[in-house]
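Engineer: pasting the structure only:
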Ligand code: S3P
């Protein structure tokens, strides 16, 4: 694998022309991580098409190889990338010879920590400055039940040493937060134990791990979530039978709704826009933003609905729309947790006030996104106010003409570049390199549709 890491670089976004055309959004980040991990645990060949070739996922590919899986990037018959993974079977991974560098990825770090906690060796894990600020206690607490030991810096931060248990035990954990990273870390450890591992959450977080487990034939039982039946309410419960015999299989990764979000909001905001986005994942635990934008008056239509590797997928058609501000309830937060930065941009351009509730988790993402959005929007001339767990944005004109500090956060960078498309003066971000973690050709794709985004030397920014 030879993918280069870019050097620090600013970018600026000015007035866009109407966006039009069909755009291929890169693969889903959450599903891509899980495809590589499960491929590494299955015996035989797993083939993956549509894998996100962003830095976060490439780190997971390298880490699975360091743990003994064979991971290869090849080309399919149509010339598009095809990834092949030959796994080692449950219990078959081996001690990594070097530190596992998870880069910017909280998902990679937490899922892999869960995985290696079930092996009788010590792994060392680190990441970039953003990841080294993020809390690991949330996974250490449930995973320690099995006898695995974790040594971290103060505050439960990376770098971290994980000494796994010689005898993986079934775990039972009632999580205080709806977090797919916590749930998945416990389920991946539990997959190695003889017995049933149970996780409950206050409401269901994204269920890609459960769906991917089922795709590989694991016995997964669900109560109070979309996989458990048509209607659901109350605490979500998932149970997994450990020590299955996994065999490799094909996986088509759908396009990432969290990346599509930037194109969807751009098309809604730039007058005259009309975009078609094929093959977007529409797992109901991920579509909170699209539901919210429709409530705000956004013209978003789903066609050609289908299932890919157990995941619901559709083509999206989006047209320019006049948006109005609305209250966004706290219960919706888990289904759009990564989308609040771009929703705040939509809210800044809507008629009236948008209040977003239940946002405490935003403070521990790649950056403190609650503060970043309030401060950044104010700098752009928008009235925005952050409280302990909410964000209120008053729509109106956006002056722009500023440079926003993104603090290694890809979604903050893309959000302000989108706002620059409709602000009076251009908006710059001080470092666009983090965008490569989830959406490597974001600016190229946007420019091909009608945007005016370019990288600049730091002295030239707005
Ligand atoms: C993810 C879960 C979410 C999300 C992250 C991806 C996953 O984090 O913010 O970008 O793939 O499991 P939490 O589980 O911490 O909410």
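Structural biologist: Alright, I've got the coordinates. Note that the coordinates shown come from a computational prediction; the quantities given were computed from them, not determined experimentally.
Engineer: From the ligand, how far off is residue 174?
Structural biologist: Residue 174 sits at a distance of 16 Å from the ligand (criterion: C-beta to the nearest ligand atom, to the nearest Å). Glycine gets a C-beta too; all of them are placed from N, C-alpha and C.
Engineer: Run through the bridge partners of that residue.
Structural biologist: Under DSSP bridges, the beta-bridge partners of residue 174 are residue 200.
Engineer: So it is in contact with residue 200, correct?
Structural biologist: Yes. Applying C-beta atoms under 8 Å as the test, residue 174 and residue 200 come out as touching, 4.8 Å apart.
Engineer: if I look at the two, which residues touch both of them?
Structural biologist: Taking C-beta atoms under 8 Å, 6 or more residues apart in numbering as the contact definition, residue 174 and residue 200 share the neighbouring residues residue 235.
Engineer: Residue 206 and residue 31 touch, don't they?
Structural biologist: No. Contact between residue 206 and residue 31 fails when scored by C-beta under 8 Å: they sit 9.4 Å apart.
Engineer: More neighbours: those two, which one.
Structural biologist: Between residue 206 and residue 31, counted using other C-beta atoms under 10 Å, the more crowded position is residue 31 (30 against 26).
Engineer: just checking, next helix/strand downstream of the strand or helix carrying the more buried one?
Structural biologist: Take DSSP states H and E as the rule and residue 31 turns out to sit in helix 29-41. Moving toward the C-terminus from helix 29-41, the next helix or strand (DSSP H and E) is strand 44-49.
Engineer: neighbouring contacts of that following strand?
Structural biologist: In contact with strand 44-49 (C-beta under 8 Å, 6+ apart) are residues 32, 35-36, 38-39, 76, 80-87, 247-253.
Engineer: swap the cut-off to 10 Å and go again
Structural biologist: Surrounding strand 44-49, the residues in contact under the criterion C-beta atoms under 10 Å, 6 or more residues apart in numbering are 27, 31-32, 35-36, 38-40, 61, 69-74, 76, 78, 80-87, 89, 216, 246-253, 308-309.
Engineer: show me what contacts the nearest residue to residue 129 once chain neighbours are set aside?
Structural biologist: Leaving out its chain neighbours, the residue that sits closest to residue 129 by C-beta to C-beta, 6 or more residues apart in numbering is residue 408, at 6.2 Å. Listed by C-beta under 10 Å, 6+ apart, the contact partners of residue 408 are 103-104, 128-131, 133, 366-367, 431, 433-434, 437.
Engineer: tell me the secondary structure for residue 408?
Structural biologist: Applying DSSP: H, G, I helix; E, B strand; the rest coil to residue 408 yields a three-state assignment of coil.
Engineer: For the stretch 1-150 of the chain, what lies in contact range of the ligand?
Structural biologist: The stretch 1-150 of the chain has residues 30, 107 near the ligand, with proximity defined as C-beta under 6 Å from any ligand atom.
Engineer: Could you check which residue of the stretch 1-150 of the chain lies nearest the ligand?
Structural biologist: residue 30 (3.2 Å; C-beta to the nearest ligand atom).
Engineer: any idea how this structure splits into domains?
Structural biologist: The chain is divided into the following domains under automatic domain parsing: 10-26+254-461, 29-252.
Engineer: Pipe the ones you listed into a markdown table and attach mean pLDDT per row.
Structural biologist: Formatted as a markdown table, the entries for the domains of the chain read as follows, by pLDDT from 0 to 100:
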| stretch | mean pLDDT |
| --- | --- |
| domain 10-26+254-461 | 97 |
| domain 29-252 | 97 |
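Engineer: Neighbours of the closest residue to residue 241 other than its chain neighbours, how many?
Structural biologist: Of all residues beyond its chain neighbours, the one nearest residue 241 is residue 219 (4.0 Å), with distances taken as C-beta to C-beta, 6+ apart. One way to gauge burial is a neighbour count; for residue 219, by other C-beta under 10 Å, it gives 12.
Engineer: Distance of residue 219 relative to the ligand?
Structural biologist: Taken as C-beta to the nearest ligand atom, the spacing of residue 219 relative to the ligand amounts to 21 Å.
Engineer: show me the contacts for that residue.
Structural biologist: Shown here is residue 219, whose contacts under the criterion C-beta under 10 Å, 6+ apart are 196, 213, 239, 240, 241, 242, 244.
Engineer: Please apply the same query to residue 236.
Structural biologist: Contact criterion C-beta under 10 Å, 6+ apart gives 175, 178, 183, 199-205, 207, 222-228, 285, 334 as the residues in contact with residue 236.
Engineer: which phi and psi does residue 304 have?
Structural biologist: Backbone dihedrals for residue 304, given as degrees, to the nearest 10, come out at phi 60, psi 50.
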